[in-house]
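Colleague: okay, here's the prediction I keep looking at, along with the sequence it came from:
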Amino acid sequence: MTLMREARDYLTHHDRAERAKMTPEAQLWASSETMRLTARLTQIMAWLLIQKAVHAGEISRADAASAEHRLSGQEVCDTNGCLDEVVLQPKLVELLDRSHRLYQRVARLDSMLDSVA
């Protein structure tokens, strides 16, 4: 939740001002990476809510292991995009790195559900 709040606060209060100083190409990359950040956090939150429902007895572990409740978006979320090609805002780079590491941890947990199904 802390990471989500930090991302929200950054995107709401600082992102626009920092992007105004960037080249048009860098602005495009920053927009793309911002969407990647949002996708990662959305996928992680959805997965965590499913796990919470399992622990609350609202759905079974077998249901949680079904494809529709699994972590998805790997083609977008499990990559680091253009971080080496373009200079992005330092805070955005930090948020991207932290969200990527968290996504990878959740992906490892999600893969453990294969033994449940």
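Modeller: Everything's here; your move.
Colleague: please count neighbours and contacts with C-alpha atoms only from this point.
Modeller: Will do.
Colleague: from residue 1, how far off is residue 19?
Modeller: Spatial separation of residue 19 from residue 1 under the definition Cα to Cα, to the nearest Å is 25 Å.
Colleague: compare the two (neighbour count), which wins?
Modeller: Relative neighbour count places residue 19 above the other of residue 19 and residue 1, with 17 against 8, counting by other Cα atoms under 10 Å.
Colleague: surely that one meets residue 25?
Modeller: No - the pair residue 19 / residue 25 is not scored as a contact, 10.7 Å apart, by Cα atoms under 8 Å.
Colleague: list the buried ones in the helix or strand of the chain with the lowest mean pLDDT?
Modeller: Least confident helix or strand, the chain: helix 15-19 with a mean of 81, by mean pLDDT, DSSP states H and E. Applying a neighbour-count criterion of 16 or more other Cα atoms under 10 Å, the buried positions in helix 15-19 are 15, 19.
Colleague: report all helices and strands that it contacts.
Modeller: With contacts defined as 3 or more Cα pairs under 8 Å, 6 or more residues apart in numbering; DSSP states H and E, helix 15-19 has no helix or strand neighbours.
Colleague: how about residue 60, nearest residue that isn't a chain neighbour?
Modeller: The shortest distance from residue 60 to any residue that is not its chain neighbour, by Cα to Cα, 6 or more residues apart in numbering, is 5.7 Å, and that residue is residue 54.
Colleague: now swap in residue 63 and tell me
Modeller: residue 69 (7.5 Å).
Colleague: check contacts around the one you found.
Modeller: 47, 50, 63 (Cα atoms under 8 Å, 6 or more residues apart in numbering).
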